[in-house]
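Q: need coordinates for the below:
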Amino acid sequence: MTLYFGGKTISQNSKIKYEEYDGSTTYLQGEYSSILLPKDLLLLRKYCFSNNTSLQSISIPNSVTSIGLECFSGCTSLQSVTFEEPCQITELPYASFLNCPSLESITIPSSVESIHLECFGYSWDSNTTLQTITINKPTDSISGAPWGAANATIVWNG
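A: Numbering: from 1, shown residues only. The predicted model follows:
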C-alpha cells in the first residue's frame with residue numbers, strides 16, 4: 001500500500017495515525033510500504049516514521065529543511081532513502097536511521113554539514129548492516145565517520 005500524504009485526509013485506512021502542524025509531520029504511524037510526501041513539506045519531526053516495520057522506501061522532497069531525531073529509527077524494512085536535489089537538509093541527527101537492517105546503502109546530499117556520531121547505529125555496536133555511505137562532498141568534510149555504521153565503507157564524492 002502506498003500512502004499519499006498531505007492535506008487533511010491521507011487515507012481511509014484506520015491503521016494510519018497522523019497529525020500535522022504548520023505543514024510539518026509530527027506523527028505518522030501505520031502499515032505502508034512507501035509514502036509520497038508533499039512537495040511543500042518543511043520538516044519531518046522527531047520519531048515521525050519510527051518503528052514502521054512496513055516502510056520500504058521514501059523520497060524526501062527538496063522543500064524539507066530538517067529531519068528530527070530518530071525519524072526513521074526502527075524502520076526494519078527500509079531499503080531506499082532518496083533526498084531530492086537540491087536538498088536543504090544540513091544535519092542528520094541522533095539515531096536518524098538506527099535499527100534499519102534492510103538499509104544497505106545511502107547517499108548523503110552535499111547540503112549536509114553535520115552527521116551525529118550515532119546517526120546510523122550506536123558507537124559501541126558493530127552489528128549495523130549499512131555497507132556503503134556515499135557523501136556528495138570532499139573527503140573528510142564531515143567529521144565523526146562512520147557515524148555508528150562500523151562496517152560501512154565511506155565514499156566521498158566531491
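Q: pLDDT below threshold where in this protein?
A: 1-32, 123-127 (pLDDT under 70).
Q: and with 50 instead?
A: The chain contains residues with pLDDT under 50 at 1-19, 21, 23-26.
Q: strands of that one, start to end?
A: Counting by DSSP state E, the chain has strands at residues 2-4, 17-21, 24-29, 34-36, 43-44, 57-60, 66-67, 80-83, 91-92, 105-108, 114-115, 132-135, 153-156.
Q: helices or strands up against the fourth one?
A: Okay, so that is strand 34-36. Using 3 or more CB pairs under 8 Å, 6 or more residues apart in numbering; DSSP states H and E, the elements in contact with strand 34-36 are strand 2-4, strand 57-60. (C-beta placed from N, C-alpha, C; glycine too.)
Q: within its sheet, name the partner strands of that strand and how each one runs.
A: With DSSP bridges as the test, strand 34-36 is paired with strand 2-4 (parallel), strand 57-60 (parallel).
Q: and that strand, which residues are buried?
A: Within strand 34-36, the residues scored as buried using 16 or more other CB atoms under 10 Å are Ile35.
Q: now Thr128: how far from Ser73?
A: Look at Thr128 and Ser73: by CB to CB, to the nearest Å, they are 12 Å apart.
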